[in-house]
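S.K.: Pasting the sequence and the predicted model now:
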Amino acid sequence: MTIQRVGGFITLAIALQAQPYTLGQGLDINPMLNVGGYFSSDFSSKNHQEAVSLDDVAVMAYGEINPMFSYLAEIEAAGFYRKNISTGEEIGNQKFHVERLYGDLWLSDAYNLRFGKMLTPIGYWNTQPINVLRDTSSNPLYSMLLFPKFVSGVDLNGYLPGVDNVHYHLFAQKNHDLDEKYVTFPNEHFYGFSAEKELTNESSFGGSAGEYITLTHQRTRFVEANAKYDDSQWQVMSEMMFAKNDFADNDHALTLSGYAQGMYRYTQEHAFVGRYEYYNDHHTNYVDNIAVAGYSYRPCYPVSLKGEYQKHSLRDENTFLFSLSVLF
Amino acid sequence: MAFGADYSVIVSKKVSFSTVGSQEIRDVFLQKRHTIKDQKIIPINLVGQDDVRIAFESSVLGMDRDRLNTYWVKQHFAGINPPVTQPSYESIKSFIQNVDGAIGYIPSKMVDNNVKVVYEF
Amino acid sequence: MSFRLKTILLFLGISLIPYALTMLLMGNSFRSEQYNIVTQEMNTQLSTSAEHINQHIETVQKDMAFIAKSDVMNDMYTQDLDHRISNALLAKKNDLKMKGDFYVLDQKERVIASSDFTSIGSNIHQKPFFKIPIISNFNQQSIGHIIVVYPLENFKPFFPNTAERHFYIRHHDGTTDLRPSIFDKPLIVSCSLALKPELTIVLEEEKAFAYRLLYKYEKWFILLLIAGALFIATAAYYVATALIRPVITLANVAKKVTKTHDYTQQVKMDRDDEIGQLSDAFNTMIGGMDTALAEITALNKEIEDTQREVVFTMGSIGESRSKETGNHVRRVAEYSKLLALYSGLNENEAEMLRQASPMHDIGKVAIPDAVLNKPGRFDEEERRIMDTHAALGYEMLKHSQRELLLTAATVAYEHHEKWDGSGYPRGLSGEGIHIYGRITALADVFDALGSDRVYKSAWEDERIFTLFRDERGKHFDPSLIDIFFDHLEEFLTIREHLHDKI
């Protein structure tokens, strides 16, 4: 396709849209194809090391093939470019990896079968992992160190029949990850069940349980709980997980981690965020208490400018972070 | 019909149910659920920011514009599109008459015998 | 047909046939090469145009498919109340700069939306160029079609027509569109459209234009052919002339030789080649002929001489038995010749008579001596025997084929015949007696009377003359007697020259 052809194509697509393109909601070419993408960039200062980076460049496409079947595909290059300002060191990885790739088979509101590589449906943080959708630049340790970020397998989800307003996920993975690159714990064995109850329009709570076995044959079983309250002005959410890791020589260890975050939306564009995180790995005796104070500015929702300061109980982990991210 | 309700949520006359709760309407318009009582539902929004839509969003969905925008951006990341739109009440009504399971909202005074009202606000 | 003409024709034939063949073959190969070049170039142009057209209609088709799947097609359920579909179709039509219109039809083929707003609500009767179904997003069923009515004049911008070469469209059934004019026997190339196989794009070029180079050269070829033929004919003419000259010379000499019997003539030709050899041979032959002729002549002469001598000798032999002297035979021969000449015989006849005459009494060799040499008078029986010598002589000589001997036979047979018919052996008379016989009779009697014989002595001349006068018309031919007396002197001279020796 020539450049003119692509341009004409996009013009036609836009001309044929029922509503004009809005930032953050993707380009709706036709019901079978919606295109979007995002990127995030940040500046960090930790231990007197300053670095600037362009993280997370991604492109995604999704659509509805027929009323029963839809799909999503996302490719991402993380760590696209990083420059350590103090040392002048530059690294980058422009190679795109498959971040998500799945199809959905909708049978009813109670049963929807998703298969492929998807975000592990545990809690809130893991399902909205990208910078632009977060309220702080950083992720709580809970979300990074305890369970696989992605599951490559099947996920049966829907509204639990017979129960009022409870959305569940029942997922299983018994094969290799589809593109291991960004999977926090590559594994061949991952099972779990999660459920979320929406109490009111503003509040919900839920929990999950499961286990996984890493490729190094380390088994972890976990239990998790989460709760959220979100109205126009305030948002409060908290998650925590107990994970029991089995080691060789019949050793077990517990890891406990969680966070509680509160956000005050001063106006639609400005918000203040505070978060407390706890991380305790009994096996390595790594304990960290982290307090984060952040500020977020969104000229419009899909564009996010954030700044935060992290105070760690562990020395030398205090960090300043600024970030800019956009979702298309 | 409750006297004084300005807007009505309408469906095709052919559907089996005759009333719908606001929660159910909310769930379909937020694309969380796709059926009401076993009928596959196709929600229709009005293009733009007409009064009807604002009223619908605040009273039925319980979300203001900004919150809705935020919601749909998050849904976009999750691969979910907002409902299809039509540019006018006439076309909403026409659409609903011709597509089984379509559900939309129009001013009550436009309601006639060709459509069924399932909710008013 | 003369040698020159033959040569000219031969040369023309030999040279022009390969020339014409070559020209023909060259012409043919040039023609086919031209054909290949032109059609190849035409094919290139054709495929370029066809490629562009294919791309263009592929674009149309793809855009239609795209539109068919887009969100805005939901408006079919509202009968495109807000004209969103129609506007999109109109935008597409303008974007493609197309003649013709897009239409969205429902299940009943009624127009719901169109780039031509006036057609909404009615039916379309033109045949669609493309027709693509529209599938509903909600129930996966066909809810209508999007069609395009695409007049073929949309192809015009892709046809760079000129006066000699143009494009046109041909349908499956043979009808044509967009054809600017009809060419007479054009060069044609064609190919069908990939997306619309029932349409064939035809590119044709006027034959005269395609082959214009060829026709230009053709004229030159023909001119060269004619010039070549003329040149060859002229050259052939001169070559033939040069070749034939010695032959003519030889022929002329040969004719001259034949006419003049001059075999000493020679042909002068200083050449080393075969013609020279021919003339040398000719000369040698002429020389040889001359020599041979001389030999033959000599031989002939010798034969004649031999013959003469033999005859004379035989005559002498015959006479020798009767004791007449040899010169009697000679004298008789000379008298006979003279008489023959004056009586109108030609030299040859007279000469033959002269040579044959000595044999007139050859029959006497068959007469017994007793009779032959009896001094006195013969009695009847002896007379009869003696008289048989004429017939006998004739019998001896009549079988020969030599004219001389046949003459001698006649002379022997008839030299005793008398004018009045009282002679012997046959009693012929008058001119029934061969002139040779009459002459010999006179000559023989003249010499016999004037010579001494065993039975008598020589008579005096007067007595002989008186006898002759008396016997004119009786014994002798009167005309011969007249001749004798007219040329008496000559006869006497002969007698004088050839008198007997004692």
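M.R.: Happy to help now that I have it.
S.K.: how about the helices in the chain?
M.R.: You didn't say which chain, so I picked chain A. Along chain A, counting by DSSP state H, helices occupy A:3-15, A:141-145.
S.K.: if you could check chain C rather than the one you did, that'd help
M.R.: Ranges of helices in chain C, per DSSP H, are C:3-69, C:84-96, C:207-210, C:212-260, C:274-321, C:326-342, C:347-356, C:369-372, C:380-397, C:403-414, C:435-449, C:461-471, C:478-486, C:488-497.
S.K.: tell me, how many neighbours does whichever residue of the stretch 201-328 of chain A sits closest to chain C end up with?
M.R.: Closest residue of the stretch 201-328 of chain A to chain C, Cβ to the nearest Cβ: A:Phe328 (18.4 Å). Using the backbone N, CA and C atoms, a C-beta is placed for each residue, glycine as well. When neighbours are counted by other Cβ atoms under 10 Å in any protein chain shown, A:Phe328 registers 19.
S.K.: Now the spatially closest residue to B:Ser108 that is not a sequence neighbour: which helix or strand?
M.R.: In space, and not counting its chain neighbours, B:Ser108 is closest to B:Ser8: 4.7 Å by Cβ to Cβ, 6 or more residues apart in numbering or on different chains. Per DSSP states H and E, B:Ser8 falls inside strand B:7-12.
S.K.: In contact with the most far-flung residue of chain B relative to its centre, which residues?
M.R.: In terms of distance from the mean C-alpha position of chain B, B:Phe77 ranks first, at 23.0 Å (Cα atoms, centre = their mean). Contacts for B:Phe77 (Cβ atoms under 8 Å, 6 or more residues apart in numbering or on different chains) come out as A:Gly36, A:Tyr38, A:Gln128, A:Ile130, A:Leu133, A:Leu327.
S.K.: how about a cut-off of 7 Å?
M.R.: A:Gln128, A:Ile130, A:Leu133, A:Leu327 (Cβ atoms under 7 Å, 6 or more residues apart in numbering or on different chains).
S.K.: For it, report the pLDDT, please.
M.R.: If you check B:Phe77, the pLDDT there is 94.
S.K.: Pull the number of nearby residues for C:Asn123.
M.R.: So C:Asn123, with other Cβ under 10 Å, has 11 neighbours.
S.K.: pLDDT wise, what is it at?
M.R.: Looking at C:Asn123, the pLDDT reads 89.
S.K.: ok, back up a step: is it possible to export the helices of chain C to a markdown table including mean neighbour count, mean pLDDT and distance to chain B?
M.R.: Below are the helices of chain C laid out as a markdown table (neighbours: other Cβ atoms under 10 Å in any protein chain shown; pLDDT from 0 to 100; distance: least, Cβ to the nearest Cβ, whole Å):
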| stretch | mean neighbour count | mean pLDDT | distance to chain B |
| --- | --- | --- | --- |
| helix C:3-69 | 15 | 87 | 14 |
| helix C:84-96 | 20 | 90 | 7 |
| helix C:207-210 | 17 | 86 | 60 |
| helix C:212-260 | 13 | 84 | 65 |
| helix C:274-321 | 15 | 80 | 111 |
| helix C:326-342 | 24 | 88 | 159 |
| helix C:347-356 | 20 | 91 | 150 |
| helix C:369-372 | 14 | 82 | 176 |
| helix C:380-397 | 18 | 89 | 157 |
| helix C:403-414 | 24 | 90 | 149 |
| helix C:435-449 | 24 | 91 | 158 |
| helix C:461-471 | 14 | 91 | 175 |
| helix C:478-486 | 17 | 92 | 163 |
| helix C:488-497 | 14 | 90 | 168 |
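S.K.: TSV for those helices, including distance to A:Glu308?
M.R.: Output for the helices of chain C, formatted as TSV (distance: least, Cβ to Cβ, whole Å):
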stretch	distance to A:Glu308
helix C:3-69	44
helix C:84-96	46
helix C:207-210	81
helix C:212-260	84
helix C:274-321	126
helix C:326-342	178
helix C:347-356	169
helix C:369-372	195
helix C:380-397	177
helix C:403-414	169
helix C:435-449	179
helix C:461-471	196
helix C:478-486	186
helix C:488-497	186
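S.K.: Select, out of those, the one closest to B:Val47.
M.R.: helix C:84-96 (9.8 Å; Cβ to Cβ).
S.K.: orientation of the closest one relative to helix C:3-69 in degrees?
M.R.: Relative orientation of helix C:84-96 versus helix C:3-69 (axes from the mean of the first three to the mean of the last three Cα atoms, to 10 degrees): 150 degrees.
S.K.: for helix C:84-96, packing partners?
M.R.: The contact analysis (3 or more Cβ pairs under 7 Å, 6 or more residues apart in numbering or on different chains; DSSP states H and E) places helix C:84-96 against helix A:3-15, helix C:3-69, strand C:101-105, strand C:111-114.
S.K.: Hey, what's the angle from it to strand C:101-105? Just curious.
M.R.: Helix C:84-96 and strand C:101-105 are oriented at 150 degrees to each other (the same axes, to 10 degrees).
S.K.: so which helix or strand takes in the spatially most central residue of chain B?
M.R.: Geometric centre of chain B, nearest residue: B:Gly104, 3.4 Å, by Cα atoms, centre = their mean. Using DSSP H and E, B:Gly104 falls within strand B:102-107.
S.K.: Within range of chain A, give me the residues from chain B.
M.R.: Within chain B, the positions near chain A by Cβ under 7 Å from any Cβ of the partner chain are B:33-35, B:40, B:47, B:62, B:64, B:66-67, B:69-70, B:72-74, B:76-77, B:79, B:81, B:84-85.
S.K.: Just the buried residues of the residues you listed.
M.R.: Neighbour counting over the residues of chain B next to chain A (16 or more other Cβ atoms under 10 Å in any protein chain shown) leaves B:33-35, B:40, B:47, B:62, B:66-67, B:69-70, B:72-74, B:76-77, B:79, B:81, B:84-85 as the buried ones.
S.K.: from these, which ones fall inside strands?
M.R.: Cross-referencing those against strands under DSSP state E gives B:Thr35, B:Lys40, B:Val84, B:Thr85.
S.K.: Just give me the closest of these to chain C.
M.R.: Lowest distance from chain C to those (Cβ to the nearest Cβ) belongs to B:Val84, with 5.6 Å.
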